[in-house]
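**Student:** kindly return the folded structure for what I paste below:
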Amino acid sequence: MAVDIVILAAGKGTRMRSAMPKVLHTLAGKPLLGHVIDTARSLPDSSLCVVSGHGATAVQQRFPEPDLQWVEQTEQLGTGHAVMQALPCLREDAITLVLYGDVPLISAATLEALISHVNDHTLALLTVTLDNPVGYGRILRDDAGNVLGIVEEKDATTLQKMITEVNTGVMAVPAGRMAQWLARIGNSNAQGEYYLTDLIAIARDAGITIHTHQPATAQETEGVNSRQQLNELERYYQRQYALELMASGVTLADAERFDCRGMLVSGQDTAIDINCIFEGQVTLGSNVQIGPNCVISDATIGDGVVIKANSVIEGPVSIAAGAQIGPFARLRPGTELGENARIGNFVETKKSRIGQGSKINHLSYIGDATIGANVNVGAGTITCNYDGVNKFSTTLKDGAFIGSNTSLVAPVTVGTNATVGAGSTITGNVADGELGVARSKQKNIQGWQRPVKTSKE
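**Tutor:** Residues are numbered from 1 along each chain as shown. Just a heads-up that it's a prediction; the model follows:
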């Protein structure tokens, strides 16, 4: 059966102490709401409706995808009122699934299991059992274990507060019943709000069977209401990701000092040192060695690559097998390294192809360049690729040797096995096998006296 998913994302998040809408705060590099949307999209035959409110314009601009329907809750009058705003988006022959934009880690497997319990005569509710249920609505059952309803903590008696099975807010409802049940929800409670949880008792009175389902872990249902809670979920997420990597054959120096803010796929026997951050889509081959304090974004890295400490890779970047990078190297978008290429300390590359076995070992900038195989680029070399308006290309052919402290003023080509003398400013092409030298003739002045500092009287 088709599923209409309503994601409630209208809250301000007062305890976040932030001008930014709560659902735009990030976990693992992605907005909280983004996690929920991605999971919702993975469910088959689903359509998505997001209820925005506080910061609605910013939230909608952050998610411009055409498959999202948006409605606005201009007054925050409770979860029941929020779902009322989404009624025009709901089909009578579908299941309505209610999710929350600040509950980022709920899994597709949990939602699919929940939905499987729903038909015209049943409603499914996601519950969780907590050692410390403070703050949550409690699940009320009769002596036979049947769900009778939910009581919010502020309205609960002392005895009801001892119940440890709590409501997560996530529910799946036959859409044909949703409108009539919502119309019966009142606001006679301590908060004066329209609680979606009242739907359970209303459905029960209508003879509907209430099924419950619990997630694999309580963290799936944890919401974010403060920066502390956000941090706790972040660390839980990173710990789980680290455990999965280690189970697949990756060595982590310290699983507590590892962060993935995207997707990381790795071959076996790769080792990652402390304080490394992976962003976007990163693929590592086997036997990759990554030193401490590296940041790697949107990169494909081949087998046996060594990335030394404090290196930054900003993709898209492609690094072939056996290459070595760093320490303190920076590879910017468009960099492609061939097999066994070497990029050393304080070298920056951008939009450059560097061939097999070529070396740029020290203190250089290489941008908009094509470098062949077995080229040696000396320390302090720069490609002068920008004239203030346009970018130009530098080509260094196979076997070229560039002396230290050289400026290559693009557009320029240095031919196969050609040499450029140290300290040169090359403005014209150097043919195959030639030596290019472009520097002023040295002049030594005899008898020269250094300036002497004038004393102040």
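**Student:** alpha carbons only for contacts and neighbour counts from here, please
**Tutor:** Noted.
**Student:** so for stretch 18-27, first residue to last residue, what's the gap.
**Tutor:** 15 Å (C-alpha to C-alpha, to the nearest Å).
**Student:** so which bits of it are buried?
**Tutor:** Neighbour counts over stretch 18-27 (16 or more other C-alpha atoms under 10 Å) mark 21, 22, 23, 24, 25, 26, 27 as buried.
**Student:** next SSE after the lengthiest helix in the chain?
**Tutor:** As assigned by DSSP state H, the longest helix anywhere in the chain is helix 227-247. Of the helices and strands lying after helix 227-247 in sequence (DSSP states H and E), the nearest is strand 250-252.
**Student:** who touches that following strand?
**Tutor:** Strand 250-252 is touched from outside by 242, 245-246, 258, 266-274, with contacts defined as C-alpha atoms under 8 Å, 6 or more residues apart in numbering.
**Student:** how about low-confidence regions in the protein?
**Tutor:** Along the chain, the model assigns pLDDT under 70 to residues 457.
**Student:** would you map the strands across the stretch 351-457 of the chain?
**Tutor:** For the stretch 351-457 of the chain, the strands defined by DSSP state E, counting those that start in this stretch cover 353-354, 359-362, 365-367, 369-371, 376-377, 382-384, 394-396, 401-402, 407-409, 412-414, 419-420, 425-426, 435-436.
**Student:** so which of those strands is nearest residue 85?
**Tutor:** Nearest of the strands of the stretch 351-457 of the chain to residue 85, taken as C-alpha to C-alpha: strand 365-367 at 52.7 Å.
**Student:** and the buried residues of stretch 18-27, which of them are in strands?
**Tutor:** Of the positions in the buried residues of stretch 18-27, 26, 27 sit in strands, assigned by DSSP state E.
**Student:** relative to residue 303, how far out is the residue nearest to residue 438 when sequence neighbours are not counted?
**Tutor:** Counting by C-alpha to C-alpha, 6 or more residues apart in numbering, the nearest residue to residue 438 once its immediate chain neighbours are dropped is residue 424, at 4.6 Å. Look at residue 424 and residue 303: by C-alpha to C-alpha, they are 37 Å apart.
**Student:** with secondary structure, neighbour count and distance to residue 152 added, can I get the contacts of strand 250-252 in a markdown table?
**Tutor:** Putting those into a markdown table (DSSP: H, G, I helix; E, B strand; the rest coil; neighbours: other C-alpha atoms under 10 Å; distance: C-alpha to C-alpha, whole Å) gives the following:
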| residue | secondary structure | neighbour count | distance to residue 152 |
| --- | --- | --- | --- |
| 242 | helix | 22 | 37 |
| 245 | helix | 20 | 40 |
| 246 | helix | 16 | 41 |
| 258 | strand | 21 | 38 |
| 266 | strand | 21 | 46 |
| 267 | coil | 17 | 48 |
| 268 | coil | 18 | 49 |
| 269 | coil | 17 | 51 |
| 270 | strand | 23 | 49 |
| 271 | strand | 19 | 48 |
| 272 | strand | 22 | 46 |
| 273 | coil | 20 | 46 |
| 274 | coil | 19 | 44 |
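**Student:** switch those over to JSON lines; also include distance to residue 366.
**Tutor:** Output for these, formatted as JSON lines (distance: C-alpha to C-alpha, whole Å):
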{"residue": "242", "distance to residue 366": "35"}
{"residue": "245", "distance to residue 366": "34"}
{"residue": "246", "distance to residue 366": "36"}
{"residue": "258", "distance to residue 366": "30"}
{"residue": "266", "distance to residue 366": "29"}
{"residue": "267", "distance to residue 366": "30"}
{"residue": "268", "distance to residue 366": "32"}
{"residue": "269", "distance to residue 366": "32"}
{"residue": "270", "distance to residue 366": "29"}
{"residue": "271", "distance to residue 366": "29"}
{"residue": "272", "distance to residue 366": "27"}
{"residue": "273", "distance to residue 366": "28"}
{"residue": "274", "distance to residue 366": "29"}
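**Student:** coming back round to it: between the buried residues of stretch 18-27, which is closest to residue 49?
**Tutor:** residue 23 (15.0 Å).
**Student:** what about the helices in the chain?
**Tutor:** 32-41, 56-62, 79-85, 108-115, 175-182, 198-205, 227-247.
**Student:** tell me the buried residues in the second one?
**Tutor:** What that stands for is helix 56-62. Neighbour counts over helix 56-62 (16+ other C-alpha under 10 Å) mark 56, 59 as buried.
**Student:** quickly list the domain ranges of the protein.
**Tutor:** Domain segmentation of the chain under automatic domain parsing yields 3-221, 227-436.
**Student:** any idea which of those is most buried?
**Tutor:** Burial of the domains of the chain is given as mean neighbour count (mean count of other C-alpha atoms under 10 Å); domain 227-436 ranks first at a mean of 21.
**Student:** beta partners of residue 342?
**Tutor:** Applying DSSP bridges to residue 342 gives these bridge partners: residue 324, residue 359.
**Student:** which residues touch it?
**Tutor:** Going by C-alpha under 8 Å, 6+ apart, residue 342 touches 323, 324, 325, 357, 358, 359, 360, 361.
**Student:** what about 7 Å?
**Tutor:** Counting by C-alpha atoms under 7 Å, 6 or more residues apart in numbering, residue 342 touches 323, 324, 325, 358, 359, 360, 361.
**Student:** one more: residue 340?
**Tutor:** 321, 322, 323, 324, 356, 357 are the contacts of residue 340 under C-alpha under 7 Å, 6+ apart.
**Student:** how close does it get to residue 433?
**Tutor:** Counting by C-alpha to C-alpha, the gap from residue 340 to residue 433 is 24 Å.
**Student:** picking up where we left off before, can you put the domains of the chain in JSON lines and add distance to residue 442?
**Tutor:** Output for these, formatted as JSON lines (distance: least, C-alpha to C-alpha, whole Å):
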{"stretch": "domain 3-221", "distance to residue 442": "55"}
{"stretch": "domain 227-436", "distance to residue 442": "12"}
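**Student:** and those: which comes nearest residue 453?
**Tutor:** domain 227-436 (31.7 Å).
**Student:** distance check, residue 116 against residue 213.
**Tutor:** To residue 213, residue 116 is 10 Å away according to C-alpha to C-alpha.
**Student:** list the residues that contact both of these two?
**Tutor:** Residues touching both residue 116 and residue 213 by C-alpha under 7 Å, 6+ apart: none at all.
**Student:** picking up where we left off before, which one among the contacts of residue 340 gets closest to residue 309?
**Tutor:** residue 324 (11.4 Å).
**Student:** that closest one against residue 304, yeah?
**Tutor:** No. Contact criterion C-alpha atoms under 7 Å: residue 324 and residue 304 do not qualify, at 8.9 Å.
**Student:** about what we covered before: could you dump the contacts of residue 340 into TSV with distance to residue 391 added?
**Tutor:** Shown next, in TSV, are the contacts of residue 340 (distance: C-alpha to C-alpha, whole Å):
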residue	distance to residue 391
321	30
322	31
323	27
324	28
356	25
357	26
